[in-house]
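> Have a look at this prediction, sequence included:
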Amino acid sequence: MFPQRLDSPLAYDIAKALIDGFNRHYRLFRAESSRAKHRFETADWHGQQRAQRERIEFYDLRVNEAVARLEKEFKAGDQPMDVWHQIKLHFIGLLVNHHQPELAESFFNSVTTKILHRAYFQNDFIFVRPAISTEYIEPRGAPHFRAYYPTHEGLADTVERVIEDYALLGTFANKRRDAERVAAAILGRFHQVKLRANFQLQVLSGLFYRNKGAYLVGKIINGFVELPFALPILHDRKGHFYVDAALFGEDDLQMLFSFARAYFMVDMEVPSAFVQFLRSLMPRKPRAEIYNALGLAKQGKTLFYRDFLSHLNYSSDKFRIAPGIKGMVMLVFDLPSFPYVFKVIKDYYPPQKETTREQIKGKYMLVKHHDRVGRMADTLEYSDVGFPLDRFEPDLVAELEKFAPSQVEIGDRDGNGEMELVLKHVYIERRMIPLNLYLQETFDLLAAPESPAVAKRARDQLEHAVAEYGNAIKDMVAANIFPGDMLWKNFGVTLNGKVVFYDYDEIEYITDCNFRRVPAPRNEEDEMSGEIWYSVGPKDVFPETFGPFLLGNDSVRKAFMAKHADLLDAAFWQSHKERIQAGQMLDVFPYDEAQRFEHDGHAPYF
């Protein structure tokens, strides 16, 4: 531990340059987020998606700018460790009364770890633990949430005022009707019980923008009962606003803020206050995932890694090769007690996989920047991650050393005799049940059901999973994504039964693919041949050939053909390609059709 002295003038200058770099980053991040309101008001949907993609790059650009400045002006990499220790202490002083201290600490880490050797990745030099509390930070402007106190008779009036206070520039198709529908839905959730004297609506001060929707998010407080809610606001065909649905409860909010959706744009002066409020709506959702959903991915990564290290300290199970069919390009492992999987790109692949490490990383980056429409899992990407070697099963270590030797280093980092396994590059994703294993469980139950009720439940699960599989593909198609490898093993089932895609090494844009029908055989020899008799280009796709690979089980085929036979027709894919090329954007919203209010003349849901 270094002495607590501050005798280096250079240390303060470097700390000041670091806080200036972060402040520039958050100023630009917040400005881009606030412009989402105008894009929504003017129905600039392509601009909204473009801004969502471009904002992801802001952080790394500002980090690189800060690194370049520190090296140019201060030769930061040549400074002794005593100076670096003082830099951190000065930086902490500059965070007093700061409105985004937790984000600034992560920015400090990002810049510092690009300059210092990995041996200094400890709390003396970087923020392994937070130094500044985010509790009770008061914004300079308006409070982060607003409270309304309606009477039983005036609930619709209050809802209307809540909507009006967001000051959207434009007209509602029928604001009073929407307010009355929302009020009726609220009263219905409370079963028409007497509303208590302290009944109130608390709503976050900013609307949450994503794609073609704006979401009003808050909670209803009635005595000791708190009910999360969200109101999606959309455009109709005439360009008027309308409230499309009333979403209630933690499960609905979890879907809205899902890890499989694009990040929101929302103007936040004090992001930690938004996160704390959202955590009160979704207590089961980790803070890391909430920061991610708000577009603050680096903070999400920081919190995730802290949670991960804490879990390692309080658990004793070992990392193992993940259950399921092994991938050809990814080596996947997990820790049974931890709800995530770790994915490492292999060094070499079978001959049928014509790809490279950089191409695979490019596919994952494509998904990071794209609208994931609730069907593609978000990934956390890390470099130089150290794990205790004794927490690895020997067969997993052998697999890593065999298939990804360039990505593995094993050694005694600190010279204390504790061996460490370092992965140079790793993706981390939410763990799901592989769809092929999920279906196999239903097959086993159907083969020897314990009772008619068990058999019915198994059939229902199978039909739901197959329908969800097709829905997942169609949602991705709507977002201009062709999954490439559509085998069941590349999809997972979440805790709420939603099917999500997670294998990205073969994805393509729909608009880059050429969807064709299989040509008729030229003669009997072609028809009887087991070989392909027609030419196939590198981006050619023949949807009618999917069946033999996907629908070998009779029950699966029946369930699939009942809902998704069109996926085997090249015309389906080609029509969506032409729609996307014409500039059309389909609506894929994070709630079910059945939850929508009745709206005449409004935009279609899908």
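Received, thanks. Just so we're clear, the structure is a prediction, and the values are computed from it rather than from any experiment.
> Contacts made by stretch 265-275 with the rest, please.
Residues from elsewhere that reach stretch 265-275 (C-beta atoms under 8 Å, 6 or more residues apart in numbering): 30, 32-34, 36-37, 48, 51-52, 55, 99-100, 102-103, 134, 137-141, 144-145, 204, 206-210, 287, 290-291, 294-296, 299. Any C-beta I mention is one placed from the backbone N, CA and C, and that applies to glycine too.
> how about low-confidence regions in the protein?
Flagging of the chain using pLDDT under 70 yields the residue ranges 1-4, 117-124, 152-153, 191-197, 413-415, 522-531, 533, 599-606.
> The most centrally placed residue in it: what's it in contact with?
Taking C-alpha atoms, centre = their mean as the criterion, Phe259 is the residue nearest the geometric centre of the chain, at 3.2 Å. Counting by C-beta under 8 Å, 6+ apart, Phe259 touches Glu289, Asn292, Ala293, Ala377, Asp378, Arg430.
> re earlier: please narrow the contacts of stretch 265-275 to those residing in strands.
In this view, those that belong to strands under DSSP state E are Phe145, Leu204, Phe208, Tyr209, Arg210.
> returning to that earlier point: can you tell me which of the contacts of stretch 265-275 end up in helices?
Among the contacts of stretch 265-275, DSSP state H puts 30, 32-34, 36-37, 48, 51-52, 55, 102-103, 287, 290-291, 299 in helices.
> Can you flag the buried ones in these?
30, 32-33, 36-37, 48, 51-52, 55, 102-103, 287, 290-291, 299 (16 or more other C-beta atoms under 10 Å).
> Let me see the domain layout of this structure.
9-120, 145-294, 315-431, 435-568 (automatic domain parsing).
> The shortest one: how far from the chain's middle?
In this view, domain 9-120 has its centroid 22 Å away from the chain centroid, taken as C-alpha atoms, centre = their mean, to the nearest Å.
> And the furthest pair within the ones in helices among the contacts of stretch 265-275?
Pairwise distances among the ones in helices among the contacts of stretch 265-275 were taken by C-beta to C-beta; the largest, 27.1 Å, belongs to Gln48 and Glu102.
> rewinding a little: of the contacts of Phe259, which is the most crowded?
The residue in these with the most neighbours, by other C-beta atoms under 10 Å, is Ala293 (26 neighbours).
> What distance do you get for that residue to Leu551?
According to C-beta to C-beta, to the nearest Å, Ala293 stands 36 Å off from Leu551.
> what's the answer for Met432, then?
For Met432, the distance to Leu551 - C-beta to C-beta - is 22 Å.
> neighbour count winner among the two?
Met432 (20 against 17).
> which residues does the more buried one contact?
Ala377, Gly492, Val493, Thr494, Val500, Tyr502.
> Identify the residue spatially nearest to the fourth one, adjacent ones excluded.
Closest residue to Thr494 apart from its sequence neighbours, by C-beta to C-beta, 6 or more residues apart in numbering: Met432 at 5.6 Å.
> quick one, phi psi at that neighbour?
Per-residue torsions, Met432: phi -130, psi 170 (degrees, to the nearest 10).
> That one and Val332: what is the separation?
Taken as C-beta to C-beta, the span from Met432 to Val332 is 12 Å.
> next one: His38
43 Å.
> Compare those two and say which is more crowded by neighbours.
Neighbours per residue (other C-beta under 10 Å) separate His38 from Val332, with Val332 holding more: 22 against 12.
> Check the spacing between that one and Gly300 real quick.
21 Å.
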